[in-house]
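> Please find the sequence and the predicted model below.
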Amino acid sequence: MNDKSGFTLIELLLVMVIISILAGAVAFSVQGRSRQASETRVKSDLGVYQRAIEAYGLEHNDKYPKSLDDLATPDPKTGIKYIEKVKNDPWGNPYVYSVPGKANKYDLFSRGIDGQSGTEDDLSVWGIE
């Protein structure tokens, strides 16, 4: 009889396969949560910018700022700084703001993870109200 204690090659390979499957499942789960967290941050940022744009419009007879940078600069008329600074979206792209907008008084959106305008991953201020 052979009384060698230890694991066979098959047993070791089986354990490695199981660990690989579990690691893949964890990575997939973390990736999904990371994207969800990024989208939540975009919605928050867009809400902040939207409120600042609307406040600017109230102070300026329904005229909106020409750019988001105007919101971070003290207003010469009122001295108000509507936001502290303009941030990029979580994917490193600038938020897109244009006035007048194509379908609304202004457009404000993130190009999403692909960085391309007009694709299904874009997140717009008008889609989160």
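Received it, and whenever you're ready, just let me know what you need. Residues are numbered from 1 along each chain as shown.
> Point out where the chain drops to low pLDDT.
Across the chain, the ranges flagged by pLDDT under 70 are 1-3, 29-33, 127-129.
> ok, residue 68 to residue 82 distance?
Residue 68 sits 10 Å away from residue 82, taking C-beta to C-beta, to the nearest Å as the criterion. Placement of C-beta: from N, CA and C, glycine included.
> How about residue 46?
Counting by C-beta to C-beta, the gap between residue 46 and residue 82 amounts to 14 Å.
> same question, residue 61
Between residue 61 and residue 82 the computed distance is 16 Å (C-beta to C-beta).
> quick one: which of these two has more around it?
residue 82 (22 against 6; other C-beta atoms under 10 Å).
> ok, the nearest residue to residue 65 once chain neighbours are set aside - how many residues close by?
Once flanking residues are discounted, residue 65 sits nearest to residue 56: 5.2 Å by C-beta to C-beta, 6 or more residues apart in numbering. Neighbours of residue 56 under the rule other C-beta under 10 Å: 20.
> other SSEs contacting the helix ranked longest in the chain?
As assigned by DSSP state H, the longest helix anywhere in the chain is helix 9-59. Here helix 9-59 touches helix 69-72, strand 107-110, strand 123-124, going by 3 or more C-beta pairs under 8 Å, 6 or more residues apart in numbering; DSSP states H and E.
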